[in-house]
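1. Sequence and predicted structure below; questions after.
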Amino acid sequence: MLKKLTLLFTLLAGSALALAFNWHTPEITSRLWKISKSGQPDSYLVGTFHIGKAEHGTLPPKLDNIVKQSDLFVSEVILPIKPSRALTKDIQAMQKQMFDLNGDPLSQKIGDHRVQQLTQRFKNSPKLSAFTQNIESAEPWAAMMMDMNIRPEGYESEYGVDYLLSKAAVRHKVKRDSLERYTELPYHFKKLPLSRIIEQIDFSARYKKESHDILIKMSELYYDKKYIELFRLNADYSRYNHIPDFPKESILFWKNWLEQDLLASRNQKWGPKLLQILPDKKTLIAVGAAHLVDDSGLILQLRRHGYTVEPVEE
């Protein structure tokens, strides 16, 4: 259960009005980028997709070799492939945030019918079925988050690029570090108003298939190396306009939450940490591909600090 929950936290793909998020700059022609600066060791940046199918479950030799030659592997969080006491403690502290053992039951907060629907959806998802045992103690945001992590059939975190790179780092005995701790992951979910959480749960109940179809399309574009098309799809929110019970105001809210909370604000926290690491260590950095683009993205942040960041053909 511990491992299954933590893997789900990494899949938030694999997603501002005042400061518009730019999905098209820099143009992404590769998922692999070389980072260089005079007097410093070369490093690499990989834009990942957090899930995949069994056919994606082997790391390409070029990426495996880059892992092997690195001094340090940095991912969004340290995946519990080889747990340590500190990592386990951090994960358990995160999980405690997900439950309110002394408060009102979830059904009183979001409605009994929604809890019943969530329970059924979780039971149909093997990696989430255990969550139903304590669902009435779950925080609304945690229930919403777990619901968002129900994957299309055949897609697993274990086949995602982050997981494969992490396994390679363990196999090659490369030190691992992270840009975030697990206890930081729920922050932007906990900020959501209850009304928005309910809105998202209701949307999921009605349109899970449509959401999965979009995710499958994104996966196909990523693994077919059609990155420009992938980011064009990410930027196109008009796909929701035909949904009558999902008003434009709601689309704009969730667009802003994804782009500014889950992407831009985290990018801005990650940049300074990378600037501390890169001067001394050959580093491989793995983050969701959406963290590469925009003025806040890692590529342009590094370029502003004098690094040459160029795409590498695989």
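-> Done, it's in. Numbers count the residues shown, from 1 in each chain.
2. Name the SS class of Val309, please.
-> Of the three states, Val309 takes strand under DSSP: H, G, I helix; E, B strand; the rest coil.
3. Might one say that it is in contact with Trp33?
-> Yes. Contact criterion C-beta atoms under 8 Å: Val309 and Trp33 qualify, at 5.4 Å. In short, each C-beta sits where N, CA and C put it, glycine included.
4. Between those two, which contacts overlap?
-> Counting by C-beta atoms under 8 Å, 6 or more residues apart in numbering, the common neighbours of Val309 and Trp33 are Leu45, Ile299.
5. neighbour-wise, which of the two wins?
-> Using other C-beta atoms under 10 Å, the more surrounded residue of Val309 and Trp33 is Trp33, with 23 against 20.
6. In contact with that one, which residues?
-> Residues in contact with Trp33 (C-beta under 8 Å, 6+ apart) are Tyr44, Leu45, Val46, Gly47, Leu292, Ile299, Val309, Glu310, Pro311, Val312.
7. Could you rerun that using 10 Å?
-> Applying C-beta atoms under 10 Å, 6 or more residues apart in numbering to Trp33 gives the contacts 26, 43-47, 285, 292, 298-299, 302, 308-312.
8. and of those, the nearest to Leu164?
-> Leu164 lies nearest to Val46 out of the contacts of Trp33, by C-beta to C-beta, at 10.4 Å.
9. what's around that closest one, how many residues?
-> Other residues close to Val46 by other C-beta under 10 Å number 23.
10. which residues pair with it across the strands?
-> Beta bridges link Val46 to Leu32, Ala286 when assigned by DSSP bridges.
11. Just confirm it contacts Ile66, I think it does.
-> Yes. At 8.2 Å, Val46 and Ile66 qualify as touching, with contact defined as C-beta atoms under 10 Å.
12. Name the residues contacting each of the two.
-> Common contacts of Val46 and Ile66 (C-beta under 10 Å, 6+ apart): Leu32, Leu165, Leu284, Val312.
13. Distance check, the third one against Val174.
-> Spelled out, that is Leu284. Distance of Leu284 to Val174, computed by C-beta to C-beta, to the nearest Å: 8 Å.
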